[in-house]
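*Asks:* following is a predicted model, sequence given first.
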Amino acid sequence: MNEKLLNKIKNMPKVELHLHLDGSLNTKDIQTKYGLTNEQIKDKMIADEKCKDLNDYLKKFDYPISIMQTKDSIQNIVIALLTYLKSQNVIYVEIRFAPQFHTRRGLTQDEVVNFVVNAAKKVDIKCNFILCLMRGENNNNENYETVRVAKKYLGRGVCAVDLAGAEAIFKTKEYEEIFEYVKEEEIPFTIHAGEADGPESIKSAISFGTKRIGHGVRAIEDEGLVEKIIKKGITLEVCPTSNIQTCICNDYASHPIVKLYKAGVKTTINTDNMTVSNTTLEKEYTSLIESTDLKYEDLVEMNINSVNAAFITAEEKNVLINKIKQGGITLED
């Protein structure tokens, strides 16, 4: 890749819709604070280039979550992440996390969200938070509490809820009831689907009324489903490196994003977890351009797709789209 294109990608205004807080810790900060070696950081926080499956990948969240149990640790991690994203020319980000995971030492979900929202105010970058409901056994009460907290902070730093976790084990269709509650409370939502599980998971998410799907790349296995996604204007939050690690595809060249994008699906490019996947938006962009026939202009269009799908107002979207266009929509700029 030529230097001019690399610089364009580095400097272009970027939008990230699918980024997990607990998968995106600053490793240097963690090393310094907890005295970990490089090898311990890799073992505890960074997934292999090829994992056995999604569940194997998710093991790398255990340690980060274990240290994110106090006000100071949570806020420091938020500030470090947002500071780094700003340095990467990210102009808007939606960061997701499950507040129920951070209550092991007595914090309430409400307190956790309050800490996160207030920490974000310390960095000059536009962001919102998505609160994750979690797939699993015996956490129904925690999920309903997450919805209540999301309602309280909606428009005050929180913009939506999500459903995350072991998708192949805990099927999307099992969560219809709680999303009925989400809709009653008029909370926007996205749903992880079509990652570890196949097209049926995506169909369940669509039946709930979602307009965004986390990953969703296994829609490629069902031509009729792809057509349905296009017809309904649903946006996919695609995370290429993460998908390769969890064995959804072999490499960037074979990743479904290109076929989905060229078919007319509203696709976006995201990192998923910057630390667990050892990636950045810049790396995602360059890897795709080097391995596929996607062009710089396609990256710009996908960033505009991200803005249009963001859980923000029309006025806010217009401001971001103008920034993207002013940031250089062609290589000749």
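*Replies:* Looks like it came in fine.

*Asks:* what are the C-alpha coordinates of the helix or strand bottoming out on mean pLDDT in the chain, in PDB please?
*Replies:* In the chain, no helix or strand scores lower on mean pLDDT, DSSP states H and E than helix 54-58, which sits at a mean of 87. Written as PDB, here are the backbone C-alpha positions of helix 54-58 (Å, rounded to 0.1, in the frame of the first residue of the first chain):
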ATOM      1  CA  LEU A  54     -16.100 -17.700  20.200                       C
ATOM      2  CA  ASN A  55     -16.200 -19.200  23.700                       C
ATOM      3  CA  ASP A  56     -12.400 -19.600  23.600                       C
ATOM      4  CA  TYR A  57     -12.100 -16.000  22.500                       C
ATOM      5  CA  LEU A  58     -14.400 -14.800  25.300                       C
END
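
*Asks:* which stretches of the chain aren't confidently modelled?
*Replies:* Residue ranges of the chain with pLDDT under 70: 328-333.

*Asks:* which strands or helices does the helix with the most length in it pack on?
*Replies:* Across the chain, the longest stretch assigned as helix under DSSP state H is helix 71-87. Packing contacts for helix 71-87, counted by 3 or more CB pairs under 8 Å, 6 or more residues apart in numbering; DSSP states H and E, involve helix 27-34, strand 90-97, helix 109-120. Where C-beta positions appear, they are placed from N, C-alpha and C, glycine not excepted.

*Asks:* the inter-axis angle of that helix versus strand 90-97?
*Replies:* 150 degrees (axes from the mean of the first three to the mean of the last three CA atoms, to 10 degrees).

*Asks:* send the alpha carbons of helix 71-87 over as PDB?
*Replies:* What follows is helix 71-87, C-alpha atoms only, in PDB (Å, rounded to 0.1, in the frame of the first residue of the first chain):
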ATOM      1  CA  LYS A  71     -14.800   3.400  40.600                       C
ATOM      2  CA  ASP A  72     -11.100   4.400  39.900                       C
ATOM      3  CA  SER A  73     -10.300   1.400  37.800                       C
ATOM      4  CA  ILE A  74     -13.400   1.700  35.700                       C
ATOM      5  CA  GLN A  75     -13.000   5.400  35.100                       C
ATOM      6  CA  ASN A  76      -9.300   5.200  34.300                       C
ATOM      7  CA  ILE A  77     -10.000   2.500  31.700                       C
ATOM      8  CA  VAL A  78     -12.700   4.700  30.100                       C
ATOM      9  CA  ILE A  79     -10.500   7.700  30.000                       C
ATOM     10  CA  ALA A  80      -7.500   5.800  28.600                       C
ATOM     11  CA  LEU A  81      -9.700   4.300  25.800                       C
ATOM     12  CA  LEU A  82     -11.300   7.500  24.800                       C
ATOM     13  CA  THR A  83      -8.000   9.300  24.800                       C
ATOM     14  CA  TYR A  84      -6.500   6.700  22.500                       C
ATOM     15  CA  LEU A  85      -9.600   6.800  20.200                       C
ATOM     16  CA  LYS A  86      -9.300  10.500  19.800                       C
ATOM     17  CA  SER A  87      -5.600  10.100  18.800                       C
END
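
*Asks:* list the buried residues in the least confident helix or strand of the chain.
*Replies:* Residues of helix 54-58 classed as buried: L54, Y57, L58 (neighbour count, 16 or more other CB atoms under 10 Å).

*Asks:* downstream of the helix or strand that contains L260, the next helix or strand is which one?
*Replies:* Using DSSP states H and E, L260 falls within helix 257-263. Moving toward the C-terminus from helix 257-263, the next helix or strand (DSSP H and E) is strand 266-269.
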